[in-house]
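>>> give me a model of this one.
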Amino acid sequence: MIALTYNSWGVNEWTARLPSALLTAFSVPLLYGLGRELFPRRTPAICSALVYLTLLPVVRQGRLAMLEGAVLFLLILMLWSVLRSRRDLRYALGSGLAFGFLCLTKGVLLGALLGLIAFLFLLWDTPRLLKSPYLWLGLLLGSVPVIGWYGAQGLHYGSIFLDANLLSQSLRRIWQPIENHAGAPWYYLLELLKYGWPWLLFGLQSGQFTWMNRNFSWAKLIIVWVGVYFIAISFMGTKLPWYILPVYPAFALAIGAYLAEVWQEGNAETGRWGLENPDRRREFFCPQPENLWPLFAVMAVIGLIACLYYGHLLPVLQPIVIEPDIQLAIASVSITMAFTAMLLFRRDRQFLTILIWGTYLSLLLFVHSNHWVWELAEDYPVQPVAALIEQNIPDQARVYTSHPDSRPALNFYSDRKVRPTNNQKLKEIWQTTDHPYLLLDSSTFNALKLQNVKPLGKAEGWILVTRQGPRIKSSPTLQT
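I've put the predicted structure just below:
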């Protein structure tokens, strides 16, 4: 899909990110369809889709040129097909095809794990479907291209493919960290605590409400989905922030089910809940929704302080630079939380409308700023360095850098493969290569003490160099 957009509109950020963004966007109405299959009423499906739409990790990772947007879309499509097949067995064919696309997108390991979620749900909720020929036929149709692709790679590359793809990049991630991406078993719990706001404030009530309704299909699916996947990734050796993304649709379903119950309990005339049937309300909600208003008030105050900080209006704490775009986004968050706290205090169910639209507007302002890909600010600016490489180095030439990590953004903008290398290897490359191209920071450049250096340019503290004249060949060793 990315190749098609490149062919139609050229190679740039927009065309690289468009397919992932579209698939993530399509997953929102697809989650609504999944909710319509799970819940007897329309309100929980609407609330779930809106919660999912306003989750920061889904919005952010879904806009990047990564595989996660496709994984979310295919996962929800697979589970929607499974649920739809309870009424029409032919939809089971779609679940098998979605499973096959998952394996081709992210590998057999993830496909098997997500397929296990669907299998365990059917085993608990609708075991008769496991005997359906449509289900197994769909699984076979989805597996044929997977088997064909892996078989072709194995025949062409042999043991290299088996070791690099199946072992090093898939199975080995289970028991050991790859590329130093390690973490504690509670790593993903912390990720959820960092980026699940504001909906995480309803997490305790939603979990309780889901467990109380575990005899219903929607609760069974959420319990199996979150339980199996979260436990699996928590005990994997390799930890990466985006591995948690497939949990968020289930998280949205749980929050949506609870919020729909709060909305339904609200009086249609006054908009308030808990006044006509307090006994039933106590049974379902603990802690009660209005007890959360102090937390939203605290978030509003924090947002106000951050807004003043980025506006250079606090005499005690002063930022390095004024960030008006971040200031505007945080101001939107602060106003949203303040009105939500007020309406929760009044037990007015319209707090949900304010919270959803305010969060959506805040995210809209945030992704229109220059800071939504905050990883770019954790290191040197990429684009000036990439322009330096693109202007001075031939297309097929190899570039080596003293930076310890590979930066995909640098490879993309420069249209060159820039390889991270240690100092000893850099010196060997300089001495043994006819036309070496090195991207070095100042300390490494001074430490290497290279000879016959021809500087090609500098940018953001980095210097691009090559050798001036032919390399000096070492004389043959005399043997006695």
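
>>> can you give me the helices for the stretch 51-200 of the chain?
56-62, 68-84, 92-106, 108-125, 133-157, 159-161, 172-175, 187-195 (DSSP state H, counting those that start in this stretch).

>>> now those in a markdown table, with distance to Cys307, mean neighbour count and mean pLDDT?
C-beta: built from backbone N, CA, C; applies to glycine. Listed next are the helices of the stretch 51-200 of the chain as a markdown table, based on distance: least, CB to CB, whole Å; neighbours: other CB atoms under 10 Å; pLDDT from 0 to 100:
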| stretch | distance to Cys307 | mean neighbour count | mean pLDDT |
| --- | --- | --- | --- |
| helix 56-62 | 18 | 21 | 92 |
| helix 68-84 | 31 | 25 | 93 |
| helix 92-106 | 39 | 22 | 91 |
| helix 108-125 | 40 | 19 | 90 |
| helix 133-157 | 50 | 15 | 90 |
| helix 159-161 | 53 | 12 | 81 |
| helix 172-175 | 41 | 14 | 70 |
| helix 187-195 | 20 | 16 | 87 |
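
>>> in this protein, which helix or strand is least confident?
helix 278-284 (a mean of 49; mean pLDDT, DSSP states H and E).

>>> tell me the first helix or strand C-terminal of it.
The helix or strand immediately downstream of helix 278-284 is helix 293-310, counting by DSSP states H and E.

>>> in that following helix, what counts as buried?
Trp293, Phe296, Ala297, Met299, Ala300, Gly303, Leu304, Ala306, Cys307, Leu308, Tyr309, Tyr310 (16 or more other CB atoms under 10 Å).

>>> quick one: residues contacting the closest residue to Gly96 other than its chain neighbours.
Leaving out its chain neighbours, the residue that sits closest to Gly96 by CB to CB, 6 or more residues apart in numbering is Gly138, at 2.6 Å. By CB atoms under 8 Å, 6 or more residues apart in numbering, the residues touching Gly138 are Ser81, Ala92, Leu93, Gly94, Ser95, Gly96, Leu97, Phe99.

>>> wait, which of the residues you listed is closest to Ile244?
Proximity of the contacts of Gly138 to Ile244 (CB to CB) peaks at Phe99, which lies at 20.8 Å.

>>> any idea how far Ala70 is from that closest one?
13 Å (CB to CB, to the nearest Å).

>>> cool, Gly183 as well?
Relative to Ala70, and taking CB to CB, Gly183 is found at 24 Å.

>>> ok so, going back, need the contacts of Gly138 in TSV with distance to Leu129, can you?
Below are the contacts of Gly138 laid out as TSV (distance: CB to CB, whole Å):
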residue	distance to Leu129
Ser81	11
Ala92	7
Leu93	12
Gly94	13
Ser95	10
Gly96	12
Leu97	16
Phe99	14
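
>>> show me which of those residues is closest to Phe39.
Ser81 (17.5 Å).

>>> distance of the closest one from Ser234?
28 Å.

>>> tell me the domain ranges of this structure?
Domain assignment for the chain by automatic domain parsing gives 2-265, 285-374, 379-467.

>>> for the stretch 301-450 of the chain, give me the ranges with low pLDDT.
Counting by pLDDT under 70, the low-confidence segments of the stretch 301-450 of the chain come to 311-322.

>>> helices of that one, start to end?
Using DSSP H, counting those that start in this stretch, helices in the stretch 301-450 of the chain cover 324-345, 351-367, 382-392, 408-414, 423-432, 442-448.

>>> what comes into contact with the second one?
Residues external to helix 351-367 that are found in contact with it (CB under 8 Å, 6+ apart): 47, 50-51, 53-54, 56, 59-60, 63, 198, 259, 262-263, 325-326, 328-329, 332-333, 335-337, 339-340, 343-344, 372.

>>> residues in contact with stretch 185-195: which ones?
Applying CB under 8 Å, 6+ apart, the contact partners of stretch 185-195 are 55-57, 200, 230, 233-235, 239, 241, 243-244, 247, 251.

>>> determine which two of the residues you listed are furthest apart.
Leu56 and Phe235 (25.4 Å).

>>> residues contacting the spatially closest residue to Leu72 that is not a sequence neighbour?
Distance criterion CB to CB, 6+ apart; nearest residue to Leu72, sequence neighbours excluded, is Ser27 at 4.8 Å. Ser27 makes contact with Tyr52, Gly62, Gly69, Leu72, Phe73, Ile76, Pro249 under the criterion CB under 8 Å, 6+ apart.

>>> correct me if wrong: the fourth one contacts Leu22.
When you say that, I think you mean Leu72. No - using CB atoms under 8 Å, Leu72 makes no contact with Leu22, being 11.9 Å away.

>>> report pLDDT for Leu478.
At Leu478, the pLDDT value in this model is 41.

>>> same question but for Lys473, I mixed them up
Reading off the model, Lys473 has pLDDT 54.

>>> swap in Tyr229?
91.

>>> hang on, isn't it packed against Gly115?
No - using CB under 8 Å, Tyr229 makes no contact with Gly115, being 11.5 Å away.

>>> next, count neighbours for Ser85.
Using other CB atoms under 10 Å, Ser85 has 23 neighbouring residues.

>>> likewise for Asn423?
12.

>>> redo the helices of the stretch 51-200 of the chain as CSV? Include distance to Leu426.
Below are those laid out as CSV (distance: least, CB to CB, whole Å):
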stretch, distance to Leu426
helix 56-62, 34
helix 68-84, 34
helix 92-106, 34
helix 108-125, 35
helix 133-157, 30
helix 159-161, 27
helix 172-175, 28
helix 187-195, 33
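
>>> of these, which is nearest Thr43?
helix 68-84 (18.0 Å).

>>> what's the spacing between the closest one and its chain's center?
Put simply, helix 68-84 sits 16 Å off its chain's centre (CA atoms, centre = their mean, to the nearest Å).
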